[in-house]
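Enquirer: Fold the following, please.
(chains A, B, C and D)
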2 protein chains.
Amino acid sequence: MDGLGLLRCICDETRFGILEELGGGEKTVGQIVQKIKRDQPLVSHHLRTLKECGIVSSRNSGRNVMYSISSRHLSDLIEQIRKTSHEMNDVCCVR
Amino acid sequence: MDGLGLLRCICDETRFGILEELGGGEKTVGQIVQKIKRDQPLVSHHLRTLKECGIVSSRNSGRNVMYSISSRHLSDLIEQIRKTSHEMNDVCCVR
DNA sequence: TTGTCATATAAATTATAATTTATATAAACT
DNA sequence: AGTTTATATAAATTATAATTTATATGACAA
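Expert: Have a look, this model is predicted:
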């Protein structure tokens, strides 16, 4: 993958929210839905996208599906994005 | 700024291209236009966005305007995005 | 002071992606 | 087997952003 591809995949509000949740460890779809307060089909849809891009992995556990960030490098990157952005005073003009 | 704001601002193809060019040091608008092969008004438009978000800075030099990445943290981040993405085998499904 | 080069701006258009709504699947419990 | 719970999928809608086209500004040189 290239840099732009990775960015494109994580720069959506719902997807970034999911990744921030998964930064705290693996979670079920239902747990993510509760945390980020978005509709279940929407969360499932974005989890699928993240998975197809190799950013998250999943495993079945009974009737639940547990999702997690697929590599340490990726969770470190999410963290660095958070840090770098907080060091900036500006408000981003892009919405 | 927050993580999502920063991502939103850099996840566009043209803007990411500009930032990759500026990673090599400050450049004029014309130099960027040549390098990334996009129309001048388009490049100016995106440079403005990047500047308003505090991601690039500019200074005048005669009739040229020189742009550069506004902090070391940011250029490091661009580099880490590049690295992390290259470690992934997947092709991103988001376009 | 006129012409040219470099850059910027604004409006119109086009492209792209997110969300909602409705429904399907699949596992576990009764 | 039938019901409930958890998750997934697909189509339709809506929202958002990128690009193009046309034009303006501002600095410098002739």
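
Enquirer: how about the strands in chain A?
Expert: Under the criterion DSSP state E, chain A carries strands at the ranges A:27-28, A:56-61, A:64-69.

Enquirer: Columns distance to B:M66 on top of those strands, output as CSV?
Expert: Glycine gets a C-beta too; all of them are placed from N, C-alpha and C. Formatted as CSV, those follow (distance: least, Cβ to Cβ, whole Å):
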stretch, distance to B:M66
strand A:27-28, 46
strand A:56-61, 41
strand A:64-69, 39
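
Enquirer: can you put those in CSV and add distance to B:E20, mean neighbour count and mean pLDDT?
Expert: Below are the strands of chain A laid out as CSV (distance: least, Cβ to Cβ, whole Å; neighbours: other Cβ atoms under 10 Å in any protein chain shown; pLDDT from 0 to 100):
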stretch, distance to B:E20, mean neighbour count, mean pLDDT
strand A:27-28, 34, 18, 98
strand A:56-61, 26, 14, 97
strand A:64-69, 25, 18, 98
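
Enquirer: Quick one: these as CSV, columns for distance to chain B too.
Expert: As requested, these are arranged in CSV below (distance: least, Cβ to the nearest Cβ, whole Å):
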stretch, distance to chain B
strand A:27-28, 19
strand A:56-61, 11
strand A:64-69, 12
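
Enquirer: Local confidence estimate at the residue most central in space within chain A?
Expert: In chain A, the residue lying closest to the centroid (Cα atoms, centre = their mean) is A:L19, at 2.2 Å. Note on A:L19: pLDDT of 98.

Enquirer: which stretch among the strands of chain A comes nearest B:D39?
Expert: Evaluated over those, closeness to B:D39 peaks at strand A:56-61, with 37.0 Å, by Cβ to Cβ.

Enquirer: partners of that closest one, with directions?
Expert: strand A:64-69 (antiparallel) (DSSP bridges).

Enquirer: what are the phi and psi values for A:D12?
Expert: According to degrees, to the nearest 10, the main-chain angles of A:D12 amount to phi -90, psi 150.

Enquirer: That one against A:L42, yeah?
Expert: No: if you go by Cβ atoms under 8 Å, A:D12 and A:L42 don't touch, sitting 10.7 Å apart.

Enquirer: Can you tell me which of the strands of chain A is nearest to B:I69?
Expert: With Cβ to Cβ, the closest approach to B:I69 among those belongs to strand A:64-69: 27.3 Å.

Enquirer: got CSV for the strands of chain A, with distance to DNA strand C too?
Expert: CSV is the format used below for the strands of chain A (distance: least, Cβ to the nearest atom of the strand, whole Å):
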stretch, distance to DNA strand C
strand A:27-28, 13
strand A:56-61, 7
strand A:64-69, 9
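
Enquirer: hang on, the earlier thing: now for the residue lying closest to the residue nearest to the centre of chain A once chain neighbours are set aside: which residues touch it?
Expert: Nearest residue to A:L19, sequence neighbours excluded (Cβ to Cβ, 6 or more residues apart in numbering or on different chains): A:I78, at 5.5 Å. By Cβ atoms under 8 Å, 6 or more residues apart in numbering or on different chains, the residues touching A:I78 are A:I10, A:L19, A:E20, A:G23, A:I69, B:G3.
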